[in-house]
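Peer 1: How does the following fold in three dimensions:
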Amino acid sequence: MKRLIVSAAFAVALAACGQAANTAPEPARAATPSGPNAASLKAAALVLEPYDDALGAAAAVARVVVLERGDAKLYSTVGGDPAINGEYVFMAVIGAPQEGWKVFKVGDFNSWDLVSQTPERVVLKVSHSAVEETTGEIVTAEQTIAVDVPVFAANEITLTPLK
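Peer 2: Next up, the predicted model:
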């Protein structure tokens with residue numbers, strides 16, 4: 001179900017950015033943290049996975065931030081559980097216009113803010129939640145993460161927790 005919602009969010013985001021959903025590149029998905037330290041993100045390489053356009057109208061674009069280097073952007077969609085990480089954040093890069101956008105899923109968060117950027121990396125402040133396995137309670141944490149901004153030819157990006 002979560003994959004369908006994320007796929008739907010991706011399709012809506014591309015449509016909002018002027019791209020047709022049926023020409024969409026494949027998004028990447030990050031591993032979802034779980035276990036006792038689930039509210040703490042781990043470093044990960046985010047790899048492209050096949051894209052499924054099953055529920056294109058189930059989400060809405062919440063925010064689009066075009067990065068200073070001009071060929072990349074961050075955007076988020078909403079449509080998941082608003083109590084736990086209902087905002088899906090993506091990094092998209094474009095090659096030539098006929099190639100379309102290559103999209104990587106950065107993560108599922110309660111909220112996010114762009115703290116700083118260089119041509120190679122962005123720093124985000126995120127709030128994310130997880131269910132604590134032993135108590136069943138929702139644990140929310142704020143974290144600062146760095147996300148490498150890839151070139152179009154890349155098939156993965158790196159997410160690094162900073163604090």
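Peer 1: who are the neighbours of the helix or strand residue 65 falls within, in terms of helices and strands?
Peer 2: Element membership of residue 65, judged by DSSP states H and E, is strand 60-66. In terms of contacts (3 or more Cβ pairs under 8 Å, 6 or more residues apart in numbering; DSSP states H and E), strand 60-66 is packed against helix 2-16, strand 72-78. Just so you know, the C-beta spots here come from the backbone N, C-alpha and C atoms, and that holds for glycine as well.
Peer 1: mean pLDDT for those: which is lowest?
Peer 2: Note on those: lowest mean pLDDT is at helix 2-16, with a mean of 43.
Peer 1: residues touching the residue lying closest to residue 114 once chain neighbours are set aside, list them.
Peer 2: Nearest residue to residue 114 in three dimensions, chain neighbours excluded: residue 65, at 5.6 Å (Cβ to Cβ, 6 or more residues apart in numbering). Shown in contact with residue 65 (Cβ atoms under 8 Å, 6 or more residues apart in numbering): 73-75, 114.
Peer 1: Thought residue 89 was touching residue 64, still the case?
Peer 2: No. Judged on Cβ atoms under 8 Å, residue 64 makes no contact with residue 89 at a distance of 11.1 Å.
Peer 1: more neighbours, the two?
Peer 2: residue 89 (25 against 14; other Cβ atoms under 10 Å).
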